[in-house]
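**Student:** Fold the following for me, if possible:
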Amino acid sequence: MAQDRLSSTLFALADPTRRGILARLATGDATVTELAEPYDMSLAAVSKHLKVLETAGLISRGREAQWRPCHLEAAPLADISEWVEGYRRFWDRSLDHLADYLKTMKKPGSDSSGV
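**Tutor:** Modelled structure (predicted):
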């Protein structure tokens, strides 16, 4: 996974409007007009958000006559999941160590002052 692709994906996901657009596309393809409906912004502004998502590889646009549906492309989201997984393992290990430490604190005769 290229770092530039990861950075592009994270940048695209940083905006709540773009995350909302992706959530909508997870339910099925949609046109720019349909994607713009819940937002108080121009079609041009929504198109700019779509361009960021398209550059990150998170959406693609088809062509069916006059209709250009947007389609969710989930592969970059899998890259994010893989990247975050390393941190999840770190926190799991850290919490396991903390749990082990707390068990030793509860043993009879152990010094609970931590000194």
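**Student:** is it true that P108 lies in a helix?
**Tutor:** No. P108 is assigned coil when assessed by DSSP: H, G, I helix; E, B strand; the rest coil, not a helix.
**Student:** Do I have it right that A56 meets P76?
**Tutor:** Yes. Using C-beta atoms under 8 Å, A56 makes contact with P76 at a distance of 6.0 Å. To be clear about C-beta, it is placed using only N, CA and C from the backbone, and glycine gets the same treatment.
**Student:** Give me the common contacts of those two.
**Tutor:** The overlap between the contact sets of A56 and P76 (C-beta atoms under 8 Å, 6 or more residues apart in numbering) consists of R5, S8, T9.
**Student:** Of those residues, which is the most crowded?
**Tutor:** Neighbour counts for those (other C-beta atoms under 10 Å) peak at T9, which has 22 neighbours.
**Student:** Could you check the lowest-mean-pLDDT helix or strand in the chain and say which residues are buried?
**Tutor:** Least confident helix or strand of the chain, by mean pLDDT, DSSP states H and E, is helix 75-106 with a mean of 84. Across helix 75-106, burial judged by 16 or more other C-beta atoms under 10 Å covers P76, L77, D79.
**Student:** out of these, who's nearest D40?
**Tutor:** Proximity of those to D40 (C-beta to C-beta) peaks at L77, which lies at 26.8 Å.
**Student:** Helix 75-106 and the strand or helix carrying L22, what's the angle between them?
**Tutor:** Assigned by DSSP states H and E, L22 belongs to helix 16-25. Per axes from the mean of the first three to the mean of the last three C-alpha atoms, to 10 degrees, the angle that helix 16-25 makes with helix 75-106 is 110 degrees.
**Student:** Can you pull out the residues in contact with helix 16-25?
**Tutor:** Residues from elsewhere that reach helix 16-25 (C-beta under 8 Å, 6+ apart): 12-13, 30, 34-35, 38-39, 41, 46, 49-50, 52-53, 58-59, 70-72.
**Student:** one step back: now distance to A99 too, for the buried residues of helix 75-106, in a markdown table please.
**Tutor:** Shown next, in a markdown table, are the buried residues of helix 75-106 (distance: C-beta to C-beta, whole Å):
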| residue | distance to A99 |
| --- | --- |
| P76 | 35 |
| L77 | 31 |
| D79 | 31 |
